[in-house]
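*Asks:* sequence first, then the predicted structure:
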Amino acid sequence: MKLAIIGHGYVGLVTAAVFADLGNTVWCVGRTPEKIEALKNGISPFYEPGLEEVVKKNVVAKRLIFTLSYSDAVRDAEIIFICVGTPSLANGEADLSSVFAAAGEIGKNLSGYAVVACKSTVPVGTNREVEKVINAVKLKNVQFDIASCPEFLREGTALHDTLNPDRIVIGADTQKAKDALLRLHEPIDGRFVITTIETAEMIKYAANTILATKISFANAVSFLCEKVGADVEKVMEGIGLDKRIGRQFLRAGVGYGGSCFPKDVKALIAMTKKYRTEGGLFEAVEKINKLSHEHFVEKVRKFFKGDLKNKRLAVLGLAFKPDTDDMRDAPSVPVIKDLVKLGARVFAYDPKAEVNAKRVLADIPIVYVSSVYEACKGSDAVLVLTEWNEFKQLDLIKMKKLLKNPVVFDGRNIYEPENMKKLGFKYFGTGRN
Ligand SMILES: NC(=O)c1ccc[n+]([C@@H]2O[C@H](COP(=O)([O-])OP(=O)(O)OC[C@H]3O[C@@H](n4cnc5c(N)ncnc54)[C@H](O)[C@@H]3O)[C@@H](O)[C@H]2O)c1
């Protein structure tokens, strides 16, 4: 099939690479000439394990073509995926300007029947608006259908997730659109949920919000665990083994972040306000997440008796989660800002996210170092903010020797408290001590 993908971010580029690898001819549209030139040489604008290899292979095979031209991409495409960003506006609603801009360009360039499917996460009703935008500019005799195909890939495991999805959601009005999308997904093993456009749009917000809810639930329980002397990890294991609940995402720590959970919870809250339904549960999820950052900072502040002036802190991990360089809404950002405001000197190390961190934290004085041990040298404490595998396998004895004070604040519970204490650390986990 000929496909057009609008946007070459995490969703667009991974979708383009995977469908090209499955034998389709995929045209991927971008707006930035330098990024398109780099992509033509197989260079990804972001880090995602294994992605560059698949991109390179399919560029060479001429199945994956990058372009600035909507006209080249959209002409004769059977399916067009909108994969542009939908960040939060100041009022929490999703900013849909990129989606509508893309829809306008698609409309102007449609040459024959195509399915215009939105993979971007958009509030209920958006795809109907996309249809109007296209109708307003397209040639009269050209037919198209809209569809909602929300994306569920996770950064860090995006290729695997796209090829092995738990489910593929297709929301469409016509059988023709459903058939085209089913044909495209035929080689992918996954359960299909075929539904209406509105339901498909809602599934995505509900999915991300229940995952964020599990994290905030674990954090709310962890606050209490610290007071009563319980171990949140064991509590979550104890409840997560119940098949009705499940262990995944019941993770206490410094809070959720990334390009999806924070903005999608906000957008769902905005939808409850718009339609005047009860949004208290979702508001609590957001509030607890913010408290999780604050609680972590407070623990550090308290340990140093309120005085962080000139305390040197080794921060391990900046990305919002491991195996990505994505810094969007990363918990490290509010935590580091607060610590610096309190006078701390931050020495940070992240295996992949340094470049993006320098941009996001541009106005914050941070010393970026190139290894964990360099960060630890002469530091007053270690703060774990991302659970990169390499942090789990450190030479802890070496780390202890390098530190001025053997103190660890573990915002991701990657170490065992008993072991840390045995090694002579003052160890502060999250929801367990
Ligand atoms: N990142 C994830 O893990 C993930 C997972 C599932 C769903 N989503 C959703 O998918 C959407 C995209 O997310 P992302 O992380 O890939 O975003 P991103 O910011 O990484 O990429 C967006 C891309 O769209 C491009 N773009 C914007 N307007 C354009 C236009 N008019 N024409 C051509 N290109 C344009 C940008 O240049 C960029 O390359 C969002 O709605 C997001 O919520 C993201």
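*Replies:* Received it, and whenever you're ready, just let me know what you need.

*Asks:* Three-state assignment for Phe81, please.
*Replies:* Three states are possible here, and by DSSP: H, G, I helix; E, B strand; the rest coil the one that applies to Phe81 is strand.

*Asks:* I'd say it and Thr15 touch.
*Replies:* Yes - in this structure, Phe81 sits in contact with Thr15. The criterion is C-beta atoms under 8 Å, and the distance is 6.0 Å. Bear in mind the C-beta positions are built from the backbone N, C-alpha and C, glycine included.

*Asks:* now for those two: what residues contact both?
*Replies:* Among the neighbours of Phe81, those also in contact with Thr15 (C-beta atoms under 8 Å, 6 or more residues apart in numbering) are Ile5, Lys119.

*Asks:* the two: who's more crowded?
*Replies:* Applying other C-beta atoms under 10 Å to Phe81 and Thr15 shows that Phe81 carries more neighbours, namely 30 against 24.

*Asks:* how near is the more buried one to Glu387?
*Replies:* Going from Phe81 to Glu387 by C-beta to C-beta, to the nearest Å gives 32 Å.

*Asks:* likewise for Met420?
*Replies:* Counting by C-beta to C-beta, the gap from Met420 to Glu387 is 15 Å.

*Asks:* all strands for the stretch 1-150 of the chain, in order.
*Replies:* If DSSP state E, counting those that start in this stretch is used as the criterion, the strands of the stretch 1-150 of the chain fall at 2-6, 25-29, 64-67, 79-82, 114-118, 144-148.

*Asks:* report the rounded mean pLDDT for the fifth one.
*Replies:* By that I understand strand 114-118. For strand 114-118, the mean pLDDT works out to 98.

*Asks:* before we move on, what about stretch 17-30?
*Replies:* Averaging the model's pLDDT scores along stretch 17-30 yields 98.

*Asks:* pull out the buried positions in it.
*Replies:* 17-22, 24-30 (16 or more other C-beta atoms under 10 Å).

*Asks:* now, the most widely separated pair of those?
*Replies:* For the buried residues of stretch 17-30, with distances taken as C-beta to C-beta, the pair at the greatest spread is Leu22 and Gly30 (21.4 Å).

*Asks:* now do the contacts for the closest residue to the ligand within the chain.
*Replies:* Closest residue of the chain to the ligand, C-beta to the nearest ligand atom: Gly9 (1.7 Å). Contacts for Gly9 were tallied using C-beta under 8 Å, 6+ apart; they are Pro45, Phe46, Cys83, Val84, Gly85.

*Asks:* number of nearby residues for the nearest residue to the first one once chain neighbours are set aside?
*Replies:* Once its chain neighbours are removed from consideration, Pro45 has its nearest residue in Lys35; the separation is 5.0 Å (C-beta to C-beta, 6 or more residues apart in numbering). With neighbours defined by other C-beta under 10 Å, the count for Lys35 comes to 16.

*Asks:* can you tell if stretch 41-59 touches the ligand?
*Replies:* No - Stretch 41-59 lies out of reach of the ligand by C-beta under 6 Å from any ligand atom, never closer than 6.7 Å.

*Asks:* brilliant, that's me finished.
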